[in-house]
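>>> fold the following, please.
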Amino acid sequence: MSEESTQPIETTPSKDERTWAMLCHFSTFIGFIFPLGNIIAPLIIWLSKRDDLPLVADQGREVLNFQISMTIYFITSAIFSIILIGIPFLIGLGIFDFIITIVAAISANDGKSYRYPINLRLIK
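Sure, this is the predicted structure:
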């Protein structure tokens, strides 16, 4: 057996795969229109495409973990808003969520796996 046959073969994701991974990230913005849409929309994409497209399987899991984490952070900040401490956190989290989602979508469109910061890894 030659050394070449034992090396993993790296393939670049297809345009279709990159597009679905990007849409998985961008679908979280539906949460601005429908409650929990930020979790349901990427969940639907992830469940329908994860078996066929490895990048979508990876990024969908990452998006879901991040959006569940952000939902927990938003709820916690909303509770702390009662004593006014949570209001700046709510504003900061909203801006952070918006910007980091765009960065992740661009990365996915480039065919790269993106890892969100402050992400709880709940779905393995």
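>>> quick one: pLDDT of the spatially most central residue of the chain?
Note on the chain: the residue nearest the mean C-alpha position is V63, at 1.8 Å, using C-alpha atoms, centre = their mean. The confidence metric pLDDT takes the value 95 at V63.
>>> wait, what's in contact with it?
For V63, the contact set (C-beta atoms under 8 Å, 6 or more residues apart in numbering) comprises 24-25, 27-28, 42, 46, 104. (Each C-beta comes from the backbone N, C-alpha and C, glycine too.)
>>> the longest helix belonging to the chain: what's the following helix or strand?
If you go by DSSP state H, the chain has its longest helix at helix 54-80. Per DSSP states H and E, helix 54-80 leads on to helix 86-109 as the next helix or strand towards the C-terminus.
>>> report the angle between the axes of that next one and helix 54-80?
Here helix 86-109 runs at an angle of 170 degrees relative to helix 54-80 (axes from the mean of the first three to the mean of the last three C-alpha atoms, to 10 degrees).
>>> now do the buried residues in helix 86-109.
The neighbour-count criterion (16 or more other C-beta atoms under 10 Å) identifies 86, 89-90, 93, 97, 100-101, 104-105, 107-109 as the buried residues of helix 86-109.
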